[in-house]
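Peer 1: Have a look at this fold, sequence not included:
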DNA sequence: ACAATATATTTAATATATTAACTATTTATA
DNA sequence: TATAAATAGTTAATATATTAAATATATTGT
């Protein structure tokens, strides 16, 4: 369904490139709402699941990740990580320890509870997301990824020339 | 650039459908950040610009839109509209009046200032967004829109069967 | 060795977005 | 006509995300 139909707009969007951009943003919103609904049953939010996955799959060995590293991987502001980790620490999903090798850093690691929750969620999530995306075949998924890459590359290029 | 390169992940994403979904969400994030940078120079935020455009192009005649209508068109919660309109009213971009025909409703309309700001921003925005999306030709933009539609259609279908 | 610069994290204020509960008004039903 | 149900908007609490400023620590330059 076209965007203007979905959102019950009175007029269609009159500029193709604006429609494309709004399609990306709107689809992302729909994905996030759906994911939030999914994760809610496990007591997680979208972003918390993302953190758990990063801690499991993106930390070298078992050493955990710094907040700055999480900020970079999630493309969010460092100030945001503080409050996010505060809430996850409170929920006992992660632990935060000062890094003895560099006193500026904290190291964030999965707790046992965090691992257990992830062990429960992850297989269900993987299955579900494959089912959801099966509306596109593999070729289409690759096409989508490539088109979105081009947009991001164009944005990055212009931002670098600023 | 692939997602894991862009975000400096230590490992690539190991599930195609997850990569596709993260690509949409991440591209949306990049688009929003870039747009926020653009609108900041006009004293607007992304969402405020969206509201101004809806008020200009989506209200029948000059009567304005209700908050519920804005909520629907923006796919956000009504509670959110209250604070958003509060801020925009304070900035004199919109005015809020009670609807005499139905005392439950407010009507939101553009002020002169709101129109003036939009008159200044819109042509620049249109030009800029076409330039940004010129990394894709028209055919590719249509392809992108269609692929994203399929994803949303799939999501909607499953949500309806819940 | 010391000063300047850079970096990690936190705090405070602001913006966006959600849910739940509430009030006022309108619509639907008996 | 009266009651029940639905709807618009608001308030409060919570989550996500930003900028700016501050503090502590590490790195770089002289």
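Peer 2: Structure's in. What do you need? Every value quoted in this text rests on a predicted model; they were computed, and no experiment measured them. Residues are numbered from 1 along each chain as shown, chains lettered A, B, ... in the order given.
Peer 1: CA only for contacts and neighbour counts going forward, please
Peer 2: OK.
Peer 1: biggest helix in chain A by residues?
Peer 2: helix A:16-40 (DSSP state H).
Peer 1: Pull out the buried residues from it.
Peer 2: A:16-17, A:19-32, A:34-36, A:38-39 (16 or more other Cα atoms under 10 Å in any protein chain shown).
Peer 1: quick one, helices of chain A?
Peer 2: Using DSSP H, the helices found in chain A span residues A:3-6, A:16-40, A:46-57, A:67-74, A:78-90, A:112-133, A:138-160.
Peer 1: between the longest one and helix A:46-57, how big is the angle?
Peer 2: Spelled out, it's helix A:16-40. 80 degrees (axes from the mean of the first three to the mean of the last three Cα atoms, to 10 degrees).
Peer 1: Centroid-nearest residue for chain A?
Peer 2: residue A:50 (5.3 Å; Cα atoms, centre = their mean).
Peer 1: quick one: that residue and DNA strand C, what's the gap?
Peer 2: Remark: distance between residue A:50 and DNA strand C (Cα to the nearest atom of the strand, to the nearest Å) = 17 Å.
Peer 1: try residue A:74
Peer 2: Note on residue A:74: its distance to DNA strand C, by Cα to the nearest atom of the strand, is 13 Å.
Peer 1: Okay, the nearest residue to residue A:118 once chain neighbours are set aside and residue A:108: tell me how far apart.
Peer 2: Once flanking residues are discounted, residue A:118 sits nearest to residue A:52: 7.0 Å by Cα to Cα, 6 or more residues apart in numbering or on different chains. Separation of residue A:52 from residue A:108 (Cα to Cα, to the nearest Å) stands at 10 Å.
Peer 1: tally of neighbours for the residue nearest to residue A:118?
Peer 2: 22 (other Cα atoms under 10 Å in any protein chain shown).
Peer 1: right, and it touches residue A:110 too?
Peer 2: Yes. Assessed by Cα atoms under 8 Å, residue A:52 is found in contact with residue A:110 at 7.1 Å.
Peer 1: domain ranges for chain A?
Peer 2: A:1-40, A:41-160 (automatic domain parsing).
Peer 1: got those as TSV, with mean pLDDT columns?
Peer 2: TSV is the format used below for those (pLDDT from 0 to 100):
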stretch	mean pLDDT
domain A:1-40	95
domain A:41-160	95
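Peer 1: Distance to residue B:155 added to the ones you listed, as CSV?
Peer 2: Formatted as CSV, these follow (distance: least, Cα to Cα, whole Å):
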stretch, distance to residue B:155
domain A:1-40, 7
domain A:41-160, 7
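Peer 1: Spell out which parts of chain A neighbour DNA strand C.
Peer 2: Near DNA strand C, the residues belonging to chain A are A:66-69, A:78-83, A:104-107 when assessed by Cα under 7 Å from any atom of the strand.
Peer 1: coming back round to it: let me know whether the longest helix of chain A sits next to DNA strand D.
Peer 2: No. Helix A:16-40 lies out of reach of DNA strand D by Cα under 7 Å from any atom of the strand, never closer than 9.3 Å.
Peer 1: What is that helix packed up against?
Peer 2: helix A:3-6, helix A:46-57, helix B:16-40, helix B:112-133, helix B:138-160 (3 or more Cα pairs under 8 Å, 6 or more residues apart in numbering or on different chains; DSSP states H and E).
Peer 1: Outside of that helix itself, list whatever touches it.
Peer 2: A:3, A:13, A:45-46, A:49, B:21, B:24-25, B:27-29, B:31-32, B:126, B:129-130, B:133, B:138, B:141-142, B:144-145, B:148-149, B:151-152, B:155 (Cα atoms under 8 Å, 6 or more residues apart in numbering or on different chains).
Peer 1: From the residues you listed, keep the buried residues only.
Peer 2: Buried members of those, scored by 16+ other Cα under 10 Å, are A:3, A:13, A:45-46, A:49, B:21, B:24-25, B:27-29, B:31-32, B:129, B:133, B:141-142, B:144-145, B:148-149, B:151-152, B:155.
Peer 1: Now do the contacts for the residue nearest to residue A:118.
Peer 2: Counting by Cα under 8 Å, 6+ apart, residue A:52 has contacts A:110, A:114-115, A:118.
Peer 1: Relative to DNA strand C, which of those residues is nearest.
Peer 2: Lowest distance from DNA strand C to these (Cα to the nearest atom of the strand) belongs to residue A:110, with 14.9 Å.
Peer 1: circling back: make a ChimeraX selection of whichever of the residues of chain A next to DNA strand C turn out to be buried.
Peer 2: Remark: buried members of the residues of chain A next to DNA strand C, expressed as a ChimeraX selection using 16+ other Cα under 10 Å:
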select /A:66,67,68,69,78,81,106,107
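Peer 1: DNA strand D next: which of the residues of chain A next to DNA strand C are close?
Peer 2: A:78-80, A:83, A:104.
Peer 1: How far does the longest helix of chain A sit from its chain's centre?
Peer 2: Computed by Cα atoms, centre = their mean, to the nearest Å, the chain-centroid distance of helix A:16-40 equals 12 Å.
Peer 1: Nice, that's everything, thank you.
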